[in-house]
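Visitor: one predicted model, sequence on top.
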Amino acid sequence: MSDTRIIEVGQLARVEGEGALHVRLEGDRVAELAFRIYEAPRFFEALLRGRDYREAPDITARICGICPVAYLLGAGQAMEALLGLEITPEIRALRRLIYCGEWIQSHLLHVFFLHAPDFLGYDDAIAMAADHPQLVRDAMALKATGNRLLEAVGGRAVHPVNLRVGGFHRAPDAEALAALRPELERGVEKARELALAVAGFEFPEVTQAYLCVSLHHPEEYAITEGRIVSSEGLEIEVAAFEDHFEEYQVARSNALHARLVGSDRPYLVGPVARYNNNFAQLSEEARRLARECGLGERVDNPFRSIQVRMVEVFYAFEEALRLVEAYRPPAPAAVEGAPVAGRGCGCTEAPRGICYHRYDVDREGLIREARIMPPTSQNQRQMEADLKRVVESNLSLSDEALQWRCEQAIRNFDPCISCATHFLKLMVERG
Amino acid sequence: MNRPRLAIWKFSSCDGCQLMLLDLEEELLALAERVGIARFLEASRRVAPGPYDISLVEGAVSTPEQAAQVERIRAESKVLVAIGACATAGGIQGVRNFLDFDQVAGYVYPQPEVIDSLARATPVSEHVEVDYELHGCPIEKGQLMELVSALLAGRRPDLPAYAQCQECKAAGTPCVMVSRSEPCLGPVTRAGCGNRCPSVGRGCYGCFGPAEEANPAALNQQLSALGMSEAEIGRWYRLYNAWVEPFRKQGGVGLKPDLPRDPVGRASARQQTASKSHE
Amino acid sequence: MKARLIDKSGLQWLLDRLGSQGYEVLAPCLENGVVEAGPVTSLEELPAGVEEETEAGRYRLRFDGKEGTDLLFSHALTAMGWQRFLHPSSEPLWRAELRGGALEIQPLPAEAPRRALVGLRACDLAAISIQDRVLAQNDPRYARRRENLFLVAVNCGRAAATCFCHAMGTGPEVKQGHDLVLTELVGGGAHRFLVEAGSEAGAGMLQALPGREPEADDWEEKRARIEAASRQRRRLPEDTGDLLASSLDHPHWEKVGERCLACGNCTSVCPTCFCSRMVERTGLDGQQATHWRLRDSCFDSEHSYLHGGPVRRDRAARYRQWLTHKLHHWQAQFGTTGCTGCGRCITWCPVGIDLTEEVAALEVAA
Amino acid sequence: MTGRPDPMVPSVLRIARRIEEMEGVVSLELEAPGGFSFQPGQFNMLYAFGVGEVPISISGDPARTDRLRHTVRAVGQVSHALTRLRPGMELGVRGPLGRGWPLEEVAGGDLVLAAGGLGLAPLRPVAELAVADPRRFRRVVLYYGTRNPATVLWRQEMERWRRAGIRVHVTVDSATPGWQGEVGVVTRLMQPGHFEPAVATALLCGPEVMMRFSAQTLHGLGIPAERIHLSMERNMNCGVGLCGHCQFGPRLVCRDGPVFPLPEVESLMQVRGL
Ligand SMILES: Cc1cc2nc3c(=O)[nH]c(=O)nc-3n(C[C@H](O)[C@H](O)[C@H](O)COP(=O)(O)OP(=O)(O)OC[C@H]3O[C@@H](n4cnc5c(N)ncnc54)[C@H](O)[C@@H]3O)c2cc1C
Ligand code: SF4
Ligand code: SF4
Ligand code: SF4
């Protein structure tokens, strides 16, 4: 057909991992759209079988170098649920603190290294730094603070070593944490400035009616724990996750998709979902900042996810500062338990959205079954839906511009393909 | 100015090692001035063709496509550096090399036969000649900068091959095995991480891979004296650096074929939901 | 004045005085489950009533002031020794800059803070005097650090199970190398310290100490304590040097080589080990280079690297190098033994290799 | 004490001349404006900017104190960097270090030089002394062995030495077409009658095996063991006895050597991996 257009992104850049996009347009109809993950499968769930339950955090952490805390904690908390361990408030607080570090570094990485160049028209942040040196340097400095937080609590910024089932190997030194205070105070201020700077970007006008799924906690903006809620009234325990969410396979796609049981709608996890479900739990300052940035209580333009991330960065700095100020070293640093046979589930809010773990463990403490649903896999279907929308509403763009716009739309999700890959399913059709 | 050209590649990995480049922050800008970053997909849309002066390769080779690509990378790179446990030792995905691949694939995939994966995830050095290796899961920024600066200056990078124990001592960390009977792989693990685990009171879990002079047989006696079973010891070695000797030999010890013959995966919840969805 | 008898407040006075004279006071304290030298301002920070139980490959602390008083120096040794204050694990030596073809080399000043080391034992002093012989001549950095030390030693009243200073003739009584030496006394229920001077600087300080003249039973208690500390199980034979000299081809080295981890723990804790290596560090811009000295171990393959391979290829050869150097070749090189009998290498070897046992094995089988 | 110069800090010297001796071997002639005296057999630590420091023998004429000469074979990073330096550029020098050849001992007697490969470098200053002062030694004989004709060092110099009365014997491990000289190990060159063993002193430098067999042969020819001297090689980082790398049993090669009389090292050389 003469007016067939093919938009092809062979190797998606500025995402974690390896993916590709293929769009075929016939006239103004999207005839085919496939977001393809070609990152090699890594078989984590199979590797976990036969391992000691205490090994799960360190093994699953290697699913992703950008958000290892989501795995360290998700697996850790799943095992605690299994063992019936009561985690002390001090350990809980410390976990929230390190998670703030991960949010800060991951969000800033995404916002300024991976996503902002799309808005400002650069190939990468290095090129962007030439014209916007202060912006990039400020972002780097803030991101470095996130890393320092991870390091101070976790002993290492990427793949922290100090987390374990039950808590921490060693409670961080109070002085070491106190030393971060000035930096965090500056961080709160700078994060506000950067959020406002991002608010000045130009946002393509696209809206989506998202079904938002996230954790929810009545007293705090949910990060490490809570109940799973949807924007349409679902509210369940983490352990009931698989009763309500399912993965299924579709023809023509290389990846597993997810949806709510009994409904065919895709759903959204991640910053926008969290924000929409938990706006009331944000601090007053964070809510005010959101308004200053022009965000309402609900966000339905996917391109504005970058702004939501900045509001979350601001909030994470506030939280981190508060937690550091209130820090009391947990003693003991970890709660001990003995292995029991059974099933444990865990779920936390990774920077990209909820990350669910389930393990079946035998009496010796060896893992028999493992199942992990990272956020990117849950978002995949929504990503394709968004892309379709973006393509349809930007038909006037040249192929090159449209391709870039599509890339940008994918980056709205901050997809972590390394995360998504270990469960990746290849095209399977079932009769 | 004729700047050396740097390319960054990725095979099977978690991206954590590449992230170290982005975590260089200010130093990354300095690096980008000193070298031309010709290919770094995680950071840039711009991809310049080879040849490259330095290629940093992250990840294990685990698909036929990657096996072919690594040859191409070698051919167009003057200096090839494998970075991280995945690229130097197969990484965590190398654990599958000890298992029955059909079972592994069958557990995760309903139709494993359509998967385009090699049975084994292997280090880059099993495929092509590697000029330097940066160890660690993940690598350390300091070592990355040391390597790059050394390459630029034409000197030998100072990358330790000795054991983690010496980092403990330099950091003033009391040996966790001697002072607390905490099992530790430090005596057989390469130094370079900056003493991360022992300094939080935990035994090293070997993420920097074997030290040059590793003597696991001698360490294992001590580990069993501290109460570890043979299977536990085997599992310890069977982690991020499982596929390089001498960890490889140790990693096979006590390995029970404890995955059920008929993979439970077939009956797992995922399958049920998957079929449910097609009702 | 030969000696003073002071109580705890007198000792605190000494710490304060040293502090006010600009010394950083380092003394044993509890750290990560071991006794280790660290900055101290108050006696409260000392590990009162703590004793270490050591064995080959094992170290534990035990808390009991079993003499009715919490002795401040009831432990025997600091875990890793004091040498890091004299011979740091890394140190920049000079900086070089190249402009065009012109080279400029700037020596970097040594860090040599004024430090008072409090709580050294006789073996620690022996170690310093051994390092003095090895390094003071040719290493002005070491010499400067050495000059800026004030050494307050303590006589041991108890030996750890791994101590063998008595056999090596380096202790337990402090006889030389100190500025001051304390003997902690508790006889008659009074917790006090007998202080003696070993140098002019020490004598000056002794003059000023608030206390009184010690009496006969103080001296008697000191003697008894040292005698108690002299009861040690481990020893090295008199003719160890000759034995080693004639055992270079002994098959036993292979056996130790099988057990040895070549991890370098022994060389890292040994207070006399001095090996170092030089490395060049350059920045990205390639305009500047810094030449560093890092501590090194003869158990590393790089240590004897020559023409693409190490001379000492296996662990057996390296263990032999370490042991024969310590106990024999040192004598030829520096006119002293390289071992003080502190036992640290025994305690901190993760697999518990004990040099006294290895020597004994050579003796039996020879 | 504090005022003493740090023996670890190099001084800076400029390269006056660079001579490409053969493929991969370069001699550097350095300007020594302040004068530089040394004992033949001593070495310097040479520093190439940004790369590092290595021990290199002094290979020049000891009479020329304004010029300092080194001959370097490019084998690793530092030696490569040194051989790449150009005239006018500067490098770092620490030295002279170590104990040189015991030349007083030889005075008036016969001098036997045996070198393998680049081991000729530290013997060159001795040959130059002999040339400059023919009465200093009675007879001088040089045995030189190298891998093949292409790696014969200093052909012209050796010709000059020959003309000055030194008896030069050269052999190669494997010949190439056109090679007229000897083929085989260096010990095959050593013949009775070349020197008077009772008054001869032998100076040896080369690979350890070569020195071991040469020492044996020369001793067999009647030179007393204590008059056979070897220049040893060990890893060196400091060159002044501080770093511990050059241990050779009871000796520190940099401080006590590199030159040792045979009895001091003979038995040590028999021990594997010492
Ligand atoms: C007393 C003495 C005199 C020497 N004289 C000369 C000479 O005149 N000409 C010459 O070309 N070479 C000489 N050498 C050998 C020269 O020092 C080595 O070739 C050089 O150190 C190799 O360093 P590199 O960095 O180029 O090689 P690499 O192989 O990269 O060496 C790395 C490091 O190992 C050590 N090392 C490696 N080989 C040796 C070695 N053979 N000796 C000592 N340390 C070594 C050094 O610390 C060096 O920096 C001499 C060695 C000694 C001990
Ligand atoms: S080596 Fe470890 S940190 Fe690096 S990519 Fe592999 S899994 Fe990630
Ligand atoms: S101590 Fe061991 S496991 Fe821990 S970070 Fe270092 S090398 Fe890795
Ligand atoms: S060799 Fe062992 S016992 Fe002797 S001084 Fe060194 S550490 Fe102490």
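Guide: Cool, got the structure. Ligands and ions are numbered 1, 2, ... in the order given.

Visitor: doesn't D:Phe260 fall inside a strand?
Guide: Yes. Secondary structure assignment (DSSP: H, G, I helix; E, B strand; the rest coil) places D:Phe260 inside a strand.

Visitor: please name the residues that touch it.
Guide: D:229-232, D:251 (C-beta atoms under 8 Å, 6 or more residues apart in numbering or on different chains). The C-beta positions use only the backbone N, C-alpha and C, and glycine is treated the same way.

Visitor: which of these are close to chain B?
Guide: Taking C-beta under 8 Å from any C-beta of the partner chain as the test, chain B is in contact with none of these.

Visitor: doesn't C:Cys123 make contact with C:Gly177?
Guide: No. Taking contacts as C-beta atoms under 8 Å, C:Gly177 lies outside contact range of C:Cys123: 10.8 Å.

Visitor: settle it for me: which of these two has more neighbours?
Guide: C:Cys123 (29 against 19; other C-beta atoms under 10 Å in any protein chain shown).

Visitor: mind checking how far the strand or helix carrying the more buried one is from the chain centre?
Guide: Applying DSSP states H and E as the criterion places C:Cys123 in helix C:122-131. For helix C:122-131, the separation from the chain centroid amounts to 6 Å (computed by C-alpha atoms, centre = their mean, to the nearest Å).

Visitor: from the contact counts, what lies against it?
Guide: Judged by 3 or more C-beta pairs under 8 Å, 6 or more residues apart in numbering or on different chains; DSSP states H and E, the packing partners of helix C:122-131 are strand C:149-154, helix C:165-168.

Visitor: leaving out sequence neighbours, find the closest residue to A:Glu220.
Guide: A:Gln281 (5.9 Å; C-beta to C-beta, 6 or more residues apart in numbering or on different chains).

Visitor: B:Gly252 - nearest residue in space that isn't next to it in sequence?
Guide: Per C-beta to C-beta, 6+ apart, closest to B:Gly252 is B:Phe98, 6.2 Å.

Visitor: over to D:Leu46?
Guide: D:Leu46's closest residue in space is D:Ile56 (C-beta to C-beta, 6+ apart), at 4.9 Å.

Visitor: ok so, going back, what is the burial count for the residue nearest to A:Glu220?
Guide: Neighbouring residues of A:Gln281 were enumerated by other C-beta under 10 Å; the total is 19.

Visitor: so who does it touch?
Guide: Residues counted as contacts of A:Gln281 (C-beta under 8 Å, 6+ apart) are A:216-222.

Visitor: if I look at it, how far off is chain D?
Guide: 55 Å (C-beta to the nearest C-beta, to the nearest Å).

Visitor: then A:Ile104?
Guide: Distance from A:Ile104 to chain D, by C-beta to the nearest C-beta: 37 Å.

Visitor: so who does that residue touch?
Guide: With C-beta under 8 Å, 6+ apart, A:Ile104 has these contacts: A:142-143, A:145-146, A:149, A:187, A:313, A:316-317, A:320.

Visitor: which SS state does it fall under?
Guide: helix.

Visitor: out of everything not next to it in sequence, what's closest to it?
Guide: A:Gly146 (3.1 Å).

Visitor: swap in C:Cys339?
Guide: C:Lys326 (4.9 Å).

Visitor: and if you look at C:Gly33?
Guide: C:Gly33 sits nearest to B:Ser179 (C-beta to C-beta, 6+ apart), 5.3 Å away.

Visitor: number of nearby residues for the closest residue to C:Glu55 other than its chain neighbours?
Guide: Nearest non-adjacent residue to C:Glu55, counting by C-beta to C-beta, 6+ apart: C:Ala161, 5.8 Å away. C:Ala161 has 18 neighbours, counted by other C-beta under 10 Å.

Visitor: dump the residue contacts of C:Ala161.
Guide: With C-beta under 8 Å, 6+ apart, C:Ala161 has these contacts: C:53-55, C:233.

Visitor: as CSV, those with secondary structure and neighbour count would be great.
Guide: Output for the contacts of C:Ala161, formatted as CSV (DSSP: H, G, I helix; E, B strand; the rest coil; neighbours: other C-beta atoms under 10 Å in any protein chain shown):
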residue, secondary structure, neighbour count
C:Glu53, strand, 13
C:Thr54, strand, 23
C:Glu55, strand, 16
C:Arg233, coil, 11
